[in-house]
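**Q** need a 3D model of the following:
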Amino acid sequence: MKQLENKVALITGASRGIGKATALKLASMGCNIAVNYLKNAHEAEKTVDEIKSLGQDALSVQADMSKADDIKRMFADVKAHFNRLDIFVSNAAKGVFGPVSRIGANGFDLSMATGPKALLIGAQESAKLFGEAGGTIVALSSIGNSRCLDGYAAVGTAKAGIETLVRYLAAEWGAKKIRVNAVSGGPIDTDALDDFKNAEERKAKWLERTPLGRLGTAEDLANIVAFLCTDDSRWIHGQTIIADGGYLLRE
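**A** A predicted model of the protein is given here:
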């Protein structure tokens with residue numbers, strides 16, 4: 001029997017990158033998957049097809065994580081299709097990049113809305129579907145929450161909010177058998193790096209600083225998220241797992 005046999009997971013931002021890698025990893029472990037996407041329905045359906053090829057049920061669900069009504073509708077769609085939920089992975093993120101002197105209110109609000117606010121609403125909706133059996137919530141963060149990366153102030157602040165909220169959720173919901181953790185990634189080689197200016201130059205600097213000598217992959221983080229969704233991690237609660245290849249060891 002697979003570790004996540006017959007479980008149901010909802011993963012936000014799962015049409016590409018870390019979200020997609022996580023969806024495929026959980027599916028390989030026997031989990032049925034709700035694939036959330038914002039705009040790219042074609043890529044979401046490709047992910048659904050790949051999950052189904054692994055023998056699992058899958059559903060694509062469009063929703064904008066910055067909008068509370070969209071999030072609630074997404075969970076209603078998941079309930080209508082699966083009639084349950086065991087795992088919620090809050091992965092989707094969006095925001096503005098640039099120095100703090102140029103960050104506008106709207107851009108900052110977007111980072112916060114798709115970060116800690118989306119996690120809060122998603123967690124609340126998840127708890128309703130988990131029921132008495134409890135469930136698992138994993139949020140994706142970044143080392144930019146505690147290290148000042150150029151142009152990352154808005155998103156980094158949102159990531160810090162996510163990690164704080166993870167601790168509060170864990171403290172309050174442990175008695176409900178709901179485990180809550182976060183995974184904080186170092187430089188991960190996905191197309192999200194293109195949001196940074198001088199991406200190739202930055203990659204070279206990150207490689208030089210990372211003791212393991214490479215950038216992380218989407219699969220690296222997906223494997224850790226998957227571990228946190230299994231019973232093998234049942235004593236890990238309210239924590240942020242840093243996965244950065246040793247990047248933070250060097251000043």
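
**Q** state the mean pLDDT of the helix or strand containing residue 70.
**A** Residue 70 is part of helix 68-82, with elements assigned from DSSP states H and E. For helix 68-82, mean pLDDT rounds to 98.

**Q** for stretch 121-137, same thing?
**A** Mean pLDDT, computed over stretch 121-137, is 97.

**Q** show me which residues of that stretch are buried.
**A** Judged by neighbour count using 16 or more other CB atoms under 10 Å, the buried positions of stretch 121-137 are 121, 122, 123, 125, 126, 127, 129, 130, 135, 136, 137. Bear in mind the C-beta positions are built from the backbone N, C-alpha and C, glycine included.

**Q** what packs against the helix holding residue 70?
**A** Packing contacts for helix 68-82, counted by 3 or more CB pairs under 8 Å, 6 or more residues apart in numbering; DSSP states H and E, involve strand 8-11, strand 32-37, strand 58-62, helix 118-130.

**Q** can you do 6 Å?
**A** Helix 68-82 is packed against strand 58-62, helix 118-130, with contacts defined by 3 or more CB pairs under 6 Å, 6 or more residues apart in numbering; DSSP states H and E.

**Q** now these as CSV including distance to residue 150?
**A** Below are those laid out as CSV (distance: least, CB to CB, whole Å):
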stretch, distance to residue 150
strand 58-62, 33
helix 118-130, 25
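
**Q** which of the ones you listed sits closest to residue 147?
**A** Each of the helices and strands packed on helix 68-82 has some distance to residue 147 by CB to CB; the shortest is helix 118-130, at 20.7 Å.

**Q** export the closest one as CSV, just CAs?
**A** Taking C-alpha atoms only, helix 118-130 is exported to CSV below (Å, rounded to 0.1, in the frame of the first residue of the first chain):
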residue,chain,number,x,y,z
ALA,A,118,-4.4,33.1,1.1
LEU,A,119,-2.9,30.6,3.6
LEU,A,120,-5.3,31.8,6.3
ILE,A,121,-8.4,31.5,4.2
GLY,A,122,-7.2,28.3,2.7
ALA,A,123,-6.5,26.8,6.1
GLN,A,124,-9.9,27.8,7.4
GLU,A,125,-11.6,26.2,4.4
SER,A,126,-9.4,23.1,4.6
ALA,A,127,-10.3,22.6,8.3
LYS,A,128,-14.0,22.4,7.3
LEU,A,129,-13.2,19.5,4.9
PHE,A,130,-10.7,17.7,7.1
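
**Q** next secondary structure after that helix?
**A** strand 135-142.

**Q** residues making contact with that following strand?
**A** The contact list for strand 135-142 (CB atoms under 6 Å, 6 or more residues apart in numbering) reads 86-91, 119, 123, 159, 162-163, 166, 178-185, 225, 228-229.

**Q** give the partner strands of the next helix-or-strand element following the helix holding residue 70 in its sheet and their orientations.
**A** Per DSSP H and E, the first helix or strand lying C-terminal to helix 68-82 is strand 87-90. Strand 87-90 pairs in its sheet with strand 8-11 (parallel), strand 135-142 (parallel), by DSSP bridges.

**Q** where does the stretch 51-200 of the chain have low pLDDT?
**A** Within the stretch 51-200 of the chain, the set of residues satisfying pLDDT under 70 comprises 192-197.

**Q** and if we set it to 90?
**A** 95-97, 144, 147-151, 187, 189-200 (pLDDT under 90).

**Q** quick one on the thing from earlier: how about the helices and strands packed on helix 68-82, which one is nearest residue 97?
**A** Short answer: helix 118-130, nearest of those by CB to CB, at 18.7 Å.

**Q** verify the stated contact: residue 107 with residue 98.
**A** No. Contact criterion CB atoms under 6 Å: residue 107 and residue 98 do not qualify, at 8.1 Å.

**Q** ok, residue 134 to residue 236 distance?
**A** As judged by CB to CB, to the nearest Å, residue 134 and residue 236 stand 15 Å apart.

**Q** I should have written residue 87 there, sorry.
**A** As for residue 87, its distance to residue 236 is 15 Å (criterion: CB to CB).
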